[in-house]
Every structure is written in structure tokens, then in C-alpha cells.
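how does the following fold in three dimensions:
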Amino acid sequence: IFQNPLASPSILGASSGAVLITLLTNSFVSSLYQPIASFCGAFFVLGLFLVFWRMFSGSSLESLLIFGFATNTLISSINQLIISLDLLNFEKTTNSLLFLMGDLSSKSWIHVYIGALTILPALTISIIRSPKYDLLALGKGVAGNLGLNVDRTYLEALLMAGFMIGGAISIGGIFPFLGL
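Numbering: from 1, shown residues only. Below is the predicted model:
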């Protein structure tokens with residue numbers, strides 16, 4: 001999508017969205033719902049991101065990157081505010097910080113199964129559709145001239161990435177170095 005194999009989920013704001021909803025869940029409900037909350041947060045923010053990107057920025061790759069960085073920065077600052085407000089509760093703060101650093105120590109196979117429910121179908125679709133995604137690397141003009149519906153393929157690739165990001169973050173927390 002971004003013509004960069006090292007692009008991270010933070011470019012879309014999806015990882016920050018996963019953290020936001022997970023932090024809110026840890027603060028107000030329970031950390032037991034962390035896997036579901038992180039998936040929902042990633043997908044919700046990705047959906048909002050796509051709607052606002054289309055509405056305000058058109059569909060260029062440059063505007064996608066700029067809008068993604070802005071979304072990520074805004075949500076990351078909200079995340080930091082939530083953590084700073086939770087500092088008085090040691091257990092909640094510890095759970096939140098472990099989630100931010102990426103933590104597999106308290107996870108069980110249930111977490112892996114929940115993540116696999118979203119990762120495996122999206123990965124399968126992505127592998128099947130990979131020739132079309134490869135055409136996107138040639139640029140929008142060339143891909144369109146080869147008969148590819150570029151906007152639909154971008155949207156599909158972003159949604160598949162969202163499913164995989166949400167699933168991966170729901171298993172082990174946010175690993176900042178985890179690429180798309």
C-alpha cells in the first residue's frame with residue numbers, strides 16, 4: 001500500500017486506536033476484555049480514518065500518509081492522557097504499560113485463538129489477492145491502466161491490514177516494531 005515493506009501499523013492510526021480502546025477498557029471495565037477491545041479499537045479507528053481521509057483528502061498516497069500520521073499523533077496524545085490519569089491505580093497502570101510495551105507473559109491460548117479468528121481469514125484473502133496488491137506497488141496510474149480498480153483494491157488492502165493489525169495487537173499488545 002505504502003510502497004514501503006517496513007511500514008508500521010502506526011501509519012494508519014490503527015495501533016493507537018487499539019491502545020485507546022484497550023486503555024479505556026482497562027480503566028473503566030476490566031483487563032479481561034483487552035483482546036476484544038484492542039481489535040475493536042483498531043478497526044474502529046481504521047474505519048474512521050478511511051471515512052475522513054476520503055471525505056477531506058481525496059485518495060492520494062501522500063494525503064493518506066499525512067492523514068495517518070495526524071490520526072496517530074492525536075490518538076497517541078489521548079492515550080498518554082489516559083495513562084497519566086490512571087497513575088494513582090498501580091494495577092491498572094501496570095496493565096496499561098505492559099500492553100504498550102507488548103506483553104505475552106500473561107497470555108493464554110485463548111488470546112491466540114481470538115487473534116487467529118481475525119488474522120487467518122485476512123491473511124488468506126491477502127495471499128489470494130496478492131497479485132492485485134502487487135500491482136499497487138507500480139503506482140495508481142499503471143495499476144489503473146492494467147485494469148485494476150485502484151480505489152477498491154486500496155480499500156480492500158487497508159481493511160485486510162486492519163483485521164491483521166487488530167488481531168496481532170489483541171494477542172500481545174502493541175509491538176511498535178511490528179510491520180504491516
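
distance from the centroid: which residue in this structure tops it?
Distance from the C-alpha centroid of the chain, by CA atoms, centre = their mean, peaks at N145 (30.3 Å).

and that one, how far is that from G13?
31 Å (CB to CB, to the nearest Å). C-betas here are computed from N, CA, C, even on glycine.

measure G141 to L135 for me?
11 Å.

ok, which stretches of this structure are helices?
Taking DSSP state H, the helices of the chain run over residues 14-28, 34-57, 61-85, 90-101, 109-128, 130-136, 140-145, 150-172.

who are the packing partners of the fourth one?
If I follow you right, that is helix 90-101. helix 14-28, helix 34-57, helix 61-85 (3 or more CB pairs under 8 Å, 6 or more residues apart in numbering; DSSP states H and E).

for the first one, name the packing helices and strands.
Okay, so that is helix 14-28. helix 34-57, helix 61-85, helix 90-101, helix 150-172.

next, format these as JSON lines and append mean neighbour count.
As requested, the helices and strands packed on helix 14-28 are exported to JSON lines (neighbours: other CB atoms under 10 Å):
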{"stretch": "helix 34-57", "mean neighbour count": "20"}
{"stretch": "helix 61-85", "mean neighbour count": "16"}
{"stretch": "helix 90-101", "mean neighbour count": "16"}
{"stretch": "helix 150-172", "mean neighbour count": "21"}
